[in-house]
Each structure stands twice: as structure tokens, then as C-alpha cells.
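Novice: Everything below, folded, please.
(one chain, ligands or ions: 1)
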Amino acid sequence: MTEEARQPKYPRRPNRWIKLWVNECLRGSIRFELQADERCVWYELLLMARESRTPGIIQATPGVPYPLTWVAHTLNITEELLERTLQRCQMTDRIALNGGSIQIVNWEKYQGASGPDGAGAEEGFVDKPKISKAQQRRNEMAIEKMRRKDEGLCEYCGSAGHASEKCENAESKRYVF
Ligand SMILES: [Zn+2]
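Specialist: Numbers count the residues shown, from 1 in each chain. Below is the predicted model:
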């Protein structure tokens, strides 16, 4: 077999595993802060966060969250359990919901290659996605647009006084942030 033929067909992806910290999982505060079913969902959220294009943040694309129904469906759990877990994890500072995206708060500390054990560095874990200022701005604008929509505000200017289609910006599709 030639050297070339031994190469894997696809390059190894750096998102194939997560770290579960033995002492923290067995004896840490998670044991009494989350119920058994919530702990299971928490660990599966870590898996989803690892697979994300922006490791540590569960979202469709930067700044665009998945609907919670989709997340619940993906994990085949009830929305009640998902919401209960998210709520409990927010209360205990495990996650933060940024515009609906699920962010694992201490991701880099526990899952990053630069964590105390350095594990993952050999697989090329890169946990800090390079997002340009312009992309960051676009993400923030996308989140703001969704917030306006959710709250029934004009999507163009954010006003509560008129519907989007009545906005003076509607014709030119000009968004004011
Ligand atoms: Zn308007």
C-alpha cells in the first residue's frame, strides 16, 4: 500500500470528542444543582457545542440561534426538559443565552486545548473562531432584527409605533440600528 493510500479519506476533524472532568462531574456542584435528566442534557449540549462551527456556542451560524424546538428534536427530548435544563444551567452560570444562541460559559477553560491538561492541542483544537469586526457587526444586527421581530417591533427601525410594512424604510429595505 502506498503512503498516499493509507491517508484517511477525509482529514481528521478536531471536533470528535469532549472532555468530561472526572472529579468535577462526580463530586462537583453539578450533582446537586442539576437533576439526573438535566445532567444528561447538559452533557449532550457540550457535544453539540463541540460540533458547532463556533465551538462552545450552539447556533446555526454565528449570531443565528437554532429554534429550541429543533434542539429538543435533535436530542429527542421534550421541550419541557430542554427549557428546564437551560434555565437551571443559566441560573448556575453554566450557559448564557446570547440572542437565543446557547453559549457554554467556561468552554475554553474546560474544553479548550489551552486548558490545564493541554489535551486536544495535538488534534488542532481551535476554539477561538476568527470573526472579523464586520462579521461581528452583521451578527449583532441579525440578532437585533430577530429581537425586533420577536417583540413585535418594526424590523427596520425598531419602533413600536408601526408595523414593518408601514415603515418609511420598508421600500428601500433600509435597516436602522
Ligand atoms: Zn419602522
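
Novice: Tell me where this structure has strands.
Specialist: 57-58, 95-98, 101-104 (DSSP state E).

Novice: With mean neighbour count and mean pLDDT as added columns, please give the ones you listed in CSV.
Specialist: Where you see a C-beta, it was placed from the backbone N, CA and C, and this is true even at glycine. As requested, those are exported to CSV (neighbours: other C-beta atoms under 10 Å; pLDDT from 0 to 100):
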stretch, mean neighbour count, mean pLDDT
strand 57-58, 22, 94
strand 95-98, 16, 92
strand 101-104, 22, 96
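
Novice: got TSV for those strands, with distance to R147 too?
Specialist: Shown next, in TSV, are the strands of the chain (distance: least, C-beta to C-beta, whole Å):
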stretch	distance to R147
strand 57-58	17
strand 95-98	11
strand 101-104	12
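
Novice: I'd like those as TSV, with distance to the ion appended.
Specialist: Formatted as TSV, the strands of the chain follow (distance: least, C-beta to the ion, whole Å):
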stretch	distance to the ion
strand 57-58	30
strand 95-98	25
strand 101-104	26
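
Novice: low-confidence ranges in the protein?
Specialist: Within the chain, the stretches with pLDDT under 70 are 1-14, 114-116, 121-131.

Novice: Can you pull the residues of the chain lying near the ion?
Specialist: C154, Y156, C157, S159, C167 (C-beta under 5 Å from the ion).

Novice: top of those by neighbour count?
Specialist: Y156 (23 neighbours; other C-beta atoms under 10 Å).

Novice: Quickly list the domain ranges of this protein.
Specialist: 3-130, 131-177 (automatic domain parsing).

Novice: related to what we said a few turns ago, just flag the most distant two among the residues of the chain next to the ion.
Specialist: Y156 and S159 (8.4 Å; C-beta to C-beta).

Novice: tell me, what's touching those two both at once?
Specialist: Residues touching both Y156 and S159 (C-beta atoms under 8 Å, 6 or more residues apart in numbering): C167.
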